[in-house]
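A.B. asks: next come a sequence and a model predicted from it.
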Amino acid sequence: MSSDIEVVEYTYVSNEGIVAELSEFFSPADIQWVTQMTHDFKPVFAEWHQNQCEDSKEAFVQGLVADVANLPHLVAIGLGFYEASTEAGLVSAVASNAMVLFRAGAFQLAINVINEKMDQFEARLEEHDFLLVTQALTLLYLQLEGHLQLKGTGNEGKAVADFQTALYECNGSGFLSLVIACLEYCRKPPYSLPSVKLSCILWKAVQICLGTVEEAETFKNNQRTKYNLPVAHPTPPDTRDVRGFSKVHINDVEAYVQHSEDLPRYVRDSSTGQFKRPTSIKEGYDIMQAHLYVSLRDMHMKELDEMRRTHRIEGRREGVEFGARCDPRVDRVYKELVPHLSTTSACILSLLLQCCTKLPSPSTPSPWSFETAEVSDIMFHPLSLARAKEIAMKSLVGTLLVLTKYFKSNHAMQFEMLMLCLSDCHFLKLLLKLLNHQQSDAFLTAFNDIEDLQPLASAFEVQYPGEPNVFKPTETVGDDAVGSCSQRNMFSAISSLRLLQKLIKSRDIRALMCCLNKGAPIVKKCLKIQHPLMQLYALKVIKGLSRFLGRAWKRANMKLMTKIDQTVRHCMTDPWFHEILANRSPEDFQDVEDAIAKNVKDFHFLRYPELVLAATEDEDDSADGSPLTSHASDPLPTTYEELLKQYEEEEGQGSPCAAQDLQYYSVYLVD
């Protein structure tokens, strides 16, 4: 075995444990106020600890909520300081304290602080105001994390439901809208808000409102049950021994019968005198019926077509009741996001673009290292910027993955709406840049969580792990020890690949654009990472691109084609291997994209007429280019467009950006 290739064993999870999840929210810039908070909370803890019942604890917190100066004490209570000596005990303390804080009004206190200071976000915040906003965001994050931990126990009951309702009703427009509005200020001068903290809050809020990545498969099967469809089984991640059963769509069955022109359709049975299919065709037909798979998208499109036939939507503005099988939680999140989904997509991708840069090295300082930049008030260590980028990348990629999975299972047109908005913001190009950045061993095995820079290292009574986000197996393979990997970075890399697979699946124009942007060589490099799930999704992506790669590429990569055939689950009539579309242009597939856009527009007219009316009648929304009326009408935000162009120019020249331009990039990751 080659010594330069690490064999990584890893469990793909989005949660790394309570200590790591809490530590990721804090940056070295928080050390001073967290240390002071720990010192000031000691006398308060004695009084807090005397309250054993929930009612007395709630009354104690209500007394603290009355004064905004007590925000540090509320944060300390949310962190569960001095209440646990094990990680399991810390989970219990954080979850129970989050419920107490929410019932006592700490959530609304933090929201009020942000609302009061929002008018000042357009200017550089004073140090006191910045600290106050940071503490308010920390208090929100702790309540989100606590309720998420409570949700994971399965005993959430009414507590999580009440918290979800508060998120939906926050400020009248929803908590997610508030977070995205704050993120908007992170990409405009003077960049006064901590964008990494806001990214973490968005990531946790989406999981509370919708669900985690691990729960998405259960949600999909629940939706299939509503349509009386059998439970779907995902492709096994470890496909070394067995491949998942092939799928057959109803169109494949019809095409099989229609294309059997070389044999008679029916033959006469001499014993019964009846006509029946030839044995060869009948056996093939029976096999296809046994593997018949009806997707949720097929049911969604059938439902939409039925509503089109039943109700003429031209000139109508009355709502048509359909989509009763849609989950109300996902619908509420979608209705909250869709009026400004284009802006939201551009905002998230603007921040995600900053994570594509090379990691700084202490031995070879680069212009990205804050050792050589005049912004030492933001970062205190060269590895701190790398850590901030890793955390932001995980949060933002995870947020997009959760949104795509739940929207796709809830209704295909919700998923297509999100994909259209992301595509308008060059999401495909950005994903390829992320994957190109994430393939290096330095990224997957990076460890940038230094205990000396962790604000919570001395505050927790829980034993702080030396490497909280690194998993080291004890097995060995051959003469080489199995390498360690960063759970945080591995989650980001696999999630990016999953997003790319969702983006190009059954979309020829996007697959073609991926090939034109050198997507095949980038994804092929992912196969060097010996991880079953990474290998599976890399092969899936290459399978989707294979029709546009040409015969010469396939001849040069026959081993790869064979591995795809032996590993990835196929549709029985899928022409992925022999069909060649390498000479086609994007204009040849534009009709399909236009049809999708029309389906999305019709879906909104039928399902959300009140949102369409608001987007049509409000001149401000029309100026913004509401996605309900036209998904491609609004131009890209100037900052994001210029940033992407500048990044591509520097990447093409092969030279790092100048040191004086550091702040232009790094301000997005102020933490």
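C.D. replies: Arrived safely.

A.B. asks: now do the strands in the protein.
C.D. replies: For the chain, the strands defined by DSSP state E occupy 267-268, 275-276, 470-471, 476-477, 480-481, 485-486.

A.B. asks: mean confidence for the second one?
C.D. replies: In this model, strand 275-276 has a mean pLDDT of 60.

A.B. asks: next one: stretch 91-109
C.D. replies: pLDDT averaged over stretch 91-109 gives 90.

A.B. asks: now stretch 282-296
C.D. replies: Average pLDDT, stretch 282-296: 78.

A.B. asks: end-to-end on it?
C.D. replies: Taking C-alpha to C-alpha, to the nearest Å, stretch 282-296 runs 28 Å from one end to the other.

A.B. asks: now that stretch: buried residues?
C.D. replies: Going by neighbour count (16 or more other C-beta atoms under 10 Å), the buried part of stretch 282-296 is 284, 288, 293, 294, 295, 296. (C-beta placed from N, C-alpha, C; glycine too.)

A.B. asks: give the contact list for the last one.
C.D. replies: It refers to residue 296. With contact set as C-beta atoms under 8 Å, 6 or more residues apart in numbering, residue 296 has these partners: 220, 223, 224, 227, 229, 408, 409, 412.

A.B. asks: and if you look at residue 574?
C.D. replies: No residues are in contact with residue 574 under the rule C-beta under 8 Å, 6+ apart.

A.B. asks: which among the contacts of residue 296 end up buried?
C.D. replies: Taking 16+ other C-beta under 10 Å as the criterion, what is buried in the contacts of residue 296 is 220, 223, 224, 229, 408, 409, 412.

A.B. asks: can I get the contacts of residue 296 in a markdown table with distance to residue 532?
C.D. replies: Converted to a markdown table, these look like this (distance: C-beta to C-beta, whole Å):
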| residue | distance to residue 532 |
| --- | --- |
| 220 | 21 |
| 223 | 27 |
| 224 | 25 |
| 227 | 31 |
| 229 | 27 |
| 408 | 23 |
| 409 | 24 |
| 412 | 28 |
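
A.B. asks: which elements pack onto the lengthiest helix in the chain?
C.D. replies: In the chain, with assignment by DSSP state H, the single longest helix is helix 382-410. When contacts are defined as 3 or more C-beta pairs under 8 Å, 6 or more residues apart in numbering; DSSP states H and E, helix 382-410 sits against helix 195-209, helix 216-226, helix 296-310, helix 328-337, helix 341-353, helix 412-424, helix 487-504.

A.B. asks: so where's the stretch 401-550 of the chain shaky on pLDDT?
C.D. replies: 439-441, 450-455, 457-484 (pLDDT under 70).

A.B. asks: 50 instead?
C.D. replies: 462-483 (pLDDT under 50).

A.B. asks: likewise the stretch 51-200 of the chain?
C.D. replies: The model of the stretch 51-200 of the chain has no residue with pLDDT under 50.

A.B. asks: residue ranges for the helices of it, please.
C.D. replies: Assigned by DSSP state H, counting those that start in this stretch, the stretch 51-200 of the chain shows helices spanning 54-65, 71-79, 87-104, 106-117, 127-153, 157-169, 175-185, 195-209.

A.B. asks: rewinding a little: which of the helices and strands packed on helix 382-410 sits closest to residue 608?
C.D. replies: Set against residue 608 and scored by C-beta to C-beta, the helices and strands packed on helix 382-410 come closest in helix 328-337, at 6.5 Å.

A.B. asks: quick one: that closest one to helix 157-169, angle?
C.D. replies: Going by axes from the mean of the first three to the mean of the last three C-alpha atoms, to 10 degrees, helix 328-337 is angled at 20 degrees with respect to helix 157-169.

A.B. asks: how near is residue 586 to residue 545?
C.D. replies: 14 Å (C-beta to C-beta, to the nearest Å).

A.B. asks: check residue 118 too.
C.D. replies: Between residue 118 and residue 545 the computed distance is 44 Å (C-beta to C-beta).

A.B. asks: between the two, which one's more packed in?
C.D. replies: Ranked by neighbour count (other C-beta atoms under 10 Å), residue 118 and residue 545 place residue 545 first, with 21 against 15.

A.B. asks: quick one, what contacts that one?
C.D. replies: Neighbours of residue 545 in contact, by C-beta under 8 Å, 6+ apart: 504, 511, 514, 515, 519, 520, 523.

A.B. asks: equivalent analysis for residue 392, please.
C.D. replies: Residue 392 touches 195, 196, 199, 351, 352, 354, 355, 669, counting by C-beta under 8 Å, 6+ apart.

A.B. asks: correct me, but the fourth one touches residue 183?
C.D. replies: Yes - between residue 351 and residue 183 a contact is recorded at 7.0 Å, counting by C-beta atoms under 8 Å.

A.B. asks: mind listing the shared neighbours of those two?
C.D. replies: Shared contacts of residue 351 and residue 183, defined by C-beta under 8 Å, 6+ apart, are found at 195, 199.

A.B. asks: quick revisit: ok, which of the helices of the stretch 51-200 of the chain comes nearest residue 391?
C.D. replies: Using C-beta to C-beta, those put helix 195-209 closest to residue 391, at 5.6 Å.

A.B. asks: about what we covered before: wait, which of the helices and strands packed on helix 382-410 is closest to residue 383?
C.D. replies: helix 487-504 (13.6 Å).

A.B. asks: OK, contacts around the closest residue to residue 114 other than its chain neighbours?
C.D. replies: Distances taken as C-beta to C-beta, 6 or more residues apart in numbering put residue 136 closest to residue 114, at 5.6 Å, once the chain neighbours are dropped. By C-beta under 8 Å, 6+ apart, the residues touching residue 136 are 71, 109, 110, 113, 114.

A.B. asks: among these, who's most crowded?
C.D. replies: residue 110 leads the contacts of residue 136 on contacts (other C-beta under 10 Å) with 26 neighbours.

A.B. asks: wait, that one touches residue 137, no?
C.D. replies: Yes - Residue 110 lies in contact with residue 137 (C-beta under 8 Å); the separation is 7.4 Å.

A.B. asks: on that earlier part again, out of the contacts of residue 392, which end up buried?
C.D. replies: 195, 196, 199, 351, 352, 354, 355, 669.

A.B. asks: what two of these are the furthest from one another?
C.D. replies: 196 and 352 (12.1 Å).

A.B. asks: which one of the helices of the stretch 51-200 of the chain lies closest to residue 384?
C.D. replies: Using C-beta to C-beta, the nearest of these to residue 384 is helix 195-209, at 10.5 Å.

A.B. asks: now do the closest one: which elements does it pack against?
C.D. replies: helix 18-25, helix 127-153, helix 157-169, helix 175-185, helix 328-337, helix 382-410.

A.B. asks: I am finished for the moment; much appreciated.
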